[in-house]
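Q: Predicted model and sequence below, questions to follow.
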Amino acid sequence: MWYFRAVAFDLDGTLAVHDTVSDGVIAAIDRARSERAMLLVTGRTFDELHRGFPGLTEHFDAVVAENGAVMHTASGTRLLATPIDETVDKALADRGVPSSRGQVLLSIAGHDAGAATDVVAGLGLDCQVVHNRAAGMVLPAGVTKGTGLLAALTELGLSPHNAVAVGDAENDLSLLHAAEVGVAVGNAVPALVEHADIVLEQTNGAGIIALLKGSLLAGHERNCPPRRWLRIGTFGDGSAALVPGSQDSILICGDTGAGKSYLAGMLAERWIDAGYSVLVVDPEGDHVGLAARPGVHLIDAEQHLPSPTDLLDIMRPNHTSLVLDLSGVGVDVKLAYLTRLPAAIRAERARYGVPHWVIHDEAHETPWTADYPLGGLTVAEPGTALITWQPAALPAQVRQSIGVVLTVQQQASAAPGSHSLHATLQTADTPVRRFVVDDRASTHVRHQHKYADAPLPAERQFYFHNEDAGPEIAAASLAEFDRLLRRCDLTTLDYHLSRADFSRWIIGTLADQQLGTELASIERDLASNHDAALEHARQQIQHAVTRRYLAH
C-alpha cells in the first residue's frame with residue numbers, strides 16, 4: 001500500500017543492543033529504504049554516533065541527533081535549537097556533576113537529573129531535563145525527538161501522517177506521538193508501551209526486522225490508531241460517532257438534497273484540521289466554501305484548469321488541501337480530466353503519500369465505464385471518499401471494497417430554524433447506528449455555479465407576485481432573483497415575506513438549509529415587528545381618542 005512513506009527509529013534499545021547494530025538489521029533497513037525513507041532519531045551526539053557506530057548514518061535518509069536538536073540530511077547538517085548556555089556546564093561542575101557537551105545539549109547521568117533541574121532553575125534558563133533510561137540530558141525547552149522528526153520529514157518533503165516511528169524509552173514518547181503510528185519494541189519501558197499504538201512481540205533488532213518485513217508496511221494491514229479517529233457527530237446514547245483519519249474508504253449516500261455534500265464538507269474540515277491533505281473533486285461547486293479554511297486552495301476550472309500533475313504540485317510543498325471546482329466547464333472536459341487524474345494521484349501517493357484523502361462528489365457521474373475506466377481503478381482504495389445519491393451506479397467491486405458507509409437521512413419535518421442533520425454509520429464490523437451530524441464551520445453553498453448563473457427548470461424558478469393581477473415575473477437563477485429582488489416594490493416584497501416564500505424556495509427548491517434558515521429568521525423578525533407596530537398604532541389611536549373625548 002502507498003500510505004507509509006517513512007519509518008523513524010530510535011537507536012539505543014531499539015536498533016542497537018549493547019552498542020551494536022546487527023548486520024541483519026542493517027540489511028533489512030537497506031531493503032526497506034528502496035521503497036520508503038529511513039530516519040534515525042537518537043539522543044546521542046554525532047561524535048558519539050561516528051565513534052560507536054562507524055558508517056551507520058549512511059544507511060538513513062535523515063539522521064536527527066541530540067534528542068531532536070541537530071539534523072543531518074543530504075542538504076547538510078544544521079542545528080534545530082540554540083545550544084545550552086555554557087553557564088550550565090560550570091554550575092554543574094561546581095556541584096560535582098559531570099557532563100559532556102554536544103552541539104546543543106548537555107549529557108548527564110540519569111541519577112544527576114535532580115541536580116541539573118535545580119541548576120537550570122537557579123540560573124533562570126528556559127531548559128528542560130530529559131530522562132533516557134539510565135541517562136539524562138539538558139535540552140532547550142520544547143526540543144524533543146518529535147520536533148526533530150517533524151523537521152526531518154519536512155526536509156524530505158513528507159508528512160508525519162505517512163510516518164511510522166519506533167522506540168523503547170521515555171524520551172521516545174514524543175517521537176511516537178508525532179508519527180501517524182507509534183510502535184514500541186518488545187523490550188520498551190512500561191510508560192512507552194502504555195502510549196504506543198503497536199507493541200511488537202520481539203525485542204530490539206528482531207522486532208525491527210519483523211516490522212520492516214511485516215504486513216503493515218507491505219500494505220496488507222490498515223492501522224489507523226484510535227487517537228487518529230475523528231468525531232463527526234453524536235450517537236443516541238451520547239457517545240461520539242467517529243471515522244478513521246486515514247487508510248480507509250468511505251461512501252456517503254442519500255437522497256438528492258438530503259445533506260450529503262454538507263456531511264462531506266464537514267468530514268473534509270475534520271481531516272484538514274487534523275493535518276491531513278485533502279483533494280476535493282467538486283463537479284457542481286458544492287465545496288467552494290472550504291477555501292475559507294486556512295491553507296485550502298481553490299481552483300476554479302472555468303478560469304484555469306491546471307494539468308493533474310500541476311494540480312498536485314500545488315498541494316505538495318506544505319501538504320495543503322485543495323478544492324477543484326469543475327462546475328464551470330463542460331461535461332466532455334470533466335470526463336477527460338477525471339480520466340487522467342487517478343494516474344497522477346497514484347504516482348504522487350507512491351512517492352509522497354499525499355493527498356491522504358480524495359473526495360469525489362457526484363461519484364455516479366465519475367467515469368467508471370469501459371470508455372472511461374478511471375485509470376483502471378476497480379476498488380475504493382484507502383483514502384477515497386465517494387459521494388452519490390446513486391450508489392448502485394458504482395461498480396460492484398468498488399461498493400464491496402468500501403470500509404465505512406454514511407447514509408444521510410431525509411428529514412420529513414424539521415423544526416423551523418433547525419440545523420440538525422441525521423445520518424447512519426455502518427462498517428463491516430459494526431451494525432447500522434443513527435447519529436446527529438456535527439455542525440460544520442465553513443459555508444456550504446449547494447451547486448453554487450449552477451444556481452448562480454444557469455437557468456433552473458420552470459417548476460423550480462421563483463415567481464414574483466404581481467399586485468396588478470398581471471403575469472408573475474420568473475427568476476430562473478439566483479443572479480436573476482437578486483436583480484428582481486432589488487427592483488420589486490414594497491408591496492410585492494411584503495407579500496412574499498409575510499408568506500415566508502423566500503426561505504421556502506431556498507430550502508425546498510435549492511436544498512440550502514443554512515441560507516433558508518437565515519432567511520426564515522428575517523421573515524419571522526419582520527412579522528414580529530409588524531405585529532408590534534400594529535399594536536403600538538392601536539394604543540396611540542386609543543390614547544388620542546381618550547384624550548380628546550373620554551378624559552372627563
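A: Now that the structure is in, tell me what you want to look at.

Q: Show me the shaky parts of the stretch 1-150 of the chain.
A: For the stretch 1-150 of the chain, the stretches with pLDDT under 70 are 1.

Q: Now do the strands in it.
A: 6-9, 37-41, 62-65, 70-73, 76-79, 100-101, 106-109, 127-132, 135-140 (DSSP state E, counting those that start in this stretch).

Q: can you pull the contacts of residue 234?
A: Listed by CB atoms under 8 Å, 6 or more residues apart in numbering, the contact partners of residue 234 are 240, 241, 435, 436, 438. For the C-beta atoms, the positions are set from N, CA and C on the backbone; glycine is no exception.

Q: thought the first one was touching residue 230?
A: Read it as residue 240. No: between residue 240 and residue 230 there is no contact under CB atoms under 8 Å: 9.3 Å.

Q: The two: who's more crowded?
A: Of the pair residue 240 and residue 230, residue 230 is the one with more neighbours under other CB atoms under 10 Å, namely 19 against 13.

Q: Let me have the strands of the stretch 1-150 of the chain in JSON lines, extended by mean neighbour count and distance to residue 425.
A: Below are these laid out as JSON lines (neighbours: other CB atoms under 10 Å; distance: least, CB to CB, whole Å):
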{"stretch": "strand 6-9", "mean neighbour count": "27", "distance to residue 425": "31"}
{"stretch": "strand 37-41", "mean neighbour count": "25", "distance to residue 425": "35"}
{"stretch": "strand 62-65", "mean neighbour count": "26", "distance to residue 425": "39"}
{"stretch": "strand 70-73", "mean neighbour count": "21", "distance to residue 425": "42"}
{"stretch": "strand 76-79", "mean neighbour count": "11", "distance to residue 425": "46"}
{"stretch": "strand 100-101", "mean neighbour count": "14", "distance to residue 425": "55"}
{"stretch": "strand 106-109", "mean neighbour count": "20", "distance to residue 425": "51"}
{"stretch": "strand 127-132", "mean neighbour count": "20", "distance to residue 425": "42"}
{"stretch": "strand 135-140", "mean neighbour count": "24", "distance to residue 425": "44"}
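
Q: okay if I get those strands as a markdown table plus distance to residue 290?
A: Listed next are these as a markdown table, based on distance: least, CB to CB, whole Å:
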| stretch | distance to residue 290 |
| --- | --- |
| strand 6-9 | 28 |
| strand 37-41 | 30 |
| strand 62-65 | 33 |
| strand 70-73 | 34 |
| strand 76-79 | 36 |
| strand 100-101 | 49 |
| strand 106-109 | 47 |
| strand 127-132 | 39 |
| strand 135-140 | 38 |
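
Q: With residue 153 as the reference, name the closest of the ones you listed.
A: Counting by CB to CB, residue 153 lies closest to strand 6-9 out of those; the figure is 6.3 Å.

Q: ok now the closest one, how far from the chain's centre?
A: Centre-to-centre, strand 6-9 and its host chain are 22 Å apart (CA atoms, centre = their mean, to the nearest Å).

Q: Mind listing residues that contact it?
A: Outside strand 6-9, the residues within contact range by CB under 8 Å, 6+ apart are 15, 29, 32, 36-41, 149, 152-153, 156, 158, 162-167, 175, 179, 208, 211-212, 217.

Q: redo that, cut-off 7 Å
A: Here strand 6-9 makes contact (CB atoms under 7 Å, 6 or more residues apart in numbering) with 15, 32, 36-41, 149, 153, 158, 162-166, 175, 179, 208.

Q: before we move on, what about stretch 124-139?
A: 13, 43, 67, 69, 84-85, 88, 105-110, 112-113, 116-117, 120, 140-141, 169-171.

Q: Check those for burial and list the buried ones.
A: Burial by neighbour count, judged by 16 or more other CB atoms under 10 Å, picks out 13, 43, 67, 69, 84-85, 88, 105-108, 112-113, 116, 120, 140, 169-171 from these.

Q: The stretch 451-552 of the chain: strands as residue ranges?
A: Secondary structure of the stretch 451-552 of the chain (DSSP E, counting those that start in this stretch): strands located at 462-464, 473-475.

Q: Which of those sits closest to residue 514?
A: If you check each of these against residue 514 by CB to CB, strand 462-464 wins as the nearest, at 18.1 Å.

Q: List the buried residues of the strand or helix carrying residue 311.
A: Using DSSP states H and E, residue 311 maps to helix 308-315. Neighbour-count burial for helix 308-315 flags 308, 311, 312, 315 (criterion: 16+ other CB under 10 Å).

Q: do the same with stretch 483-501
A: Neighbour counts over stretch 483-501 (16+ other CB under 10 Å) mark 484, 485, 488, 492, 495, 496, 497, 500, 501 as buried.
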